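Student: Sequence plus the predicted model coming up.
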Amino acid sequence: MITLAIVEDEEQYITQLQTYLRRYEGEHGCRFSVRTYSDGAEILDPYPEDLDIILMDIQMKYMDGMTAAEQIREMDPEVILMFITNMEQYAVRGYAVDALDYMVKPIEYYSFSRKLDRAIARSRKREHRFITIRMPGSMRKIEMTELDYVESQGHDLHFHIGGGEYVMRGVMRDTEKLLEQHGFYRCNKGCLVNLARVTGISDNCALVNGDRIPISRGKRKEFMTALAEYMSDVLT
């Protein structure tokens with residue numbers, strides 16, 4: 001499922017884009033979760049951090065698309081931005097906010113589908129590098145390389161990142177399945193460690209960003225083997 005936002009203040013173009021997306025689904029066998037916003041300010045209050053692609057009109061009445069995009073980039077450097085404009089010269093400004101592409105009105109389906117192909121391809125390349133943490137009333141997209149370790153406490157998962165911490169309801173087993181292919185390994189029953197963030201081993205503890213994570217007796221051999229193999233792969 002691809003989560004896509006349409007930010008457009010003209011109803012005719014919202015309807016057209018929705019029609020194009022349904023046609024694209026039928027032709028390519030993919031699924032979209034589509035949200036619509038009538039202004040740049042509306043998508044920012046609050047900004048939905050689970051978006052994969054944003055189709056953004058540049059010229060809108062209250063907050064223009066470029067201003068909104070600049071603020072979105074501060075919160076979400078990875079979302080795919082594609083601009084919609086009446087005048088092609090406005091589109092070049094999109095490079096300042098790392099926009100993937102732009103569409104000039106009136107929008108033709110063939111051009112739309114080709115540009116959407118590119119957006120989806122880029123989104124899929126990036127999605128494996130991120131994990132979305134869902135907290136009460138908010139979401140946060142975290143790059144896996146920045147995640148130090150995940151700790152299970154009761155029915156909650158604590159995601160430790162650079163001295164900070166985010167908590168969400170979840171099951172360690174599910175998170176382990178998601179992260180194990182990205183260099184994460186359990187050092188005890190309740191803690192999943194990013195091997196790339198381990199700076200040393202001391203007194204049966206893994207040293208991770210200043211924290212000491214106990215390595216259980218039952219996991220010690222497996223964990224040390226996994227760490228040695230990871231370090232060998234990095235160095236070769």
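Tutor: Yep, that arrived.
Student: Next one, pLDDT for the closest residue to residue 163 other than its chain neighbours please.
Tutor: Residue nearest to residue 163 in three dimensions, not counting chain neighbours: residue 209, with 6.8 Å by Cβ to Cβ, 6 or more residues apart in numbering. Placement of C-beta: from N, CA and C, glycine included. What the model reports for residue 209 is a pLDDT of 86.
Student: and if you look at residue 212?
Tutor: For residue 212, the predicted pLDDT is 94.
Student: Would you double-check that it falls in a strand?
Tutor: Yes: assessed with DSSP: H, G, I helix; E, B strand; the rest coil, residue 212 lies in a strand.
Student: And the nearest residue in space to it that is not next to it in sequence, how far from residue 226?
Tutor: In space, residue 212 comes closest to residue 205 once its chain neighbours are excluded; the distance is 4.1 Å by Cβ to Cβ, 6+ apart. The gap separating residue 205 from residue 226 is 16 Å, by Cβ to Cβ, to the nearest Å.
Student: Give me the more crowded residue out of these two.
Tutor: residue 226 (19 against 14; other Cβ atoms under 10 Å).
Student: who touches the residue nearest to residue 212 in this structure?
Tutor: 212, 213, 214, 215 (Cβ atoms under 8 Å, 6 or more residues apart in numbering).
Student: For it, give the beta-bridge partners.
Tutor: Residue 205 has these beta-bridge partners by DSSP bridges: residue 202, residue 214.
Student: Quick check: which ranges of this structure have low pLDDT?
Tutor: Applying pLDDT under 70 to the chain picks out residues 87-97, 125-128, 232-236.
Student: how about the nearest residue to the residue in it sticking out farthest from the centre, chain neighbours excluded?
Tutor: The centre of the chain is farthest from one residue, residue 203, which by Cα atoms, centre = their mean lies 36.4 Å away. Spatially, and ignoring its direct neighbours in sequence, residue 203 is nearest to residue 212 (7.9 Å; Cβ to Cβ, 6+ apart).
Student: how close does the one you found sit to residue 220?
Tutor: 15 Å.
Student: Ok, residue 183 next?
Tutor: For residue 183, the distance to residue 220 - Cβ to Cβ - is 18 Å.
Student: These two: which is more packed in?
Tutor: Legend: neighbour count by other Cβ under 10 Å for residue 183 and residue 220, higher for residue 183 (19 against 14).
Student: and residue 123, what element?
Tutor: helix 109-127 (DSSP states H and E).
Student: One more: residue 61?
Tutor: Short version, using DSSP H and E: residue 61 is in no helix or strand.
Student: go on, residue 226?
Tutor: helix 217-235.
Student: Give me the buried positions along that helix.
Tutor: Judged by neighbour count using 16 or more other Cβ atoms under 10 Å, the buried positions of helix 217-235 are 219, 223, 226, 227, 230.
Student: so who does the residue nearest to residue 163 touch?
Tutor: Taking Cβ under 8 Å, 6+ apart as the test, what residue 209 contacts is 148, 160, 162, 163, 197, 199.
Student: how many other residues sit next to the third one?
Tutor: Think residue 162. 11.
Student: Now do it against residue 210, distance only.
Tutor: Distance, residue 162 to residue 210, by Cβ to Cβ: 10 Å.
Student: Could you do the fifth one as well?
Tutor: Computed as Cβ to Cβ, the residue 197 to residue 210 distance reads 11 Å.
Student: ditto for the fourth one
Tutor: Relative to residue 210, residue 163 is positioned 7 Å away (Cβ to Cβ).
Student: same question, residue 67
Tutor: 39 Å.
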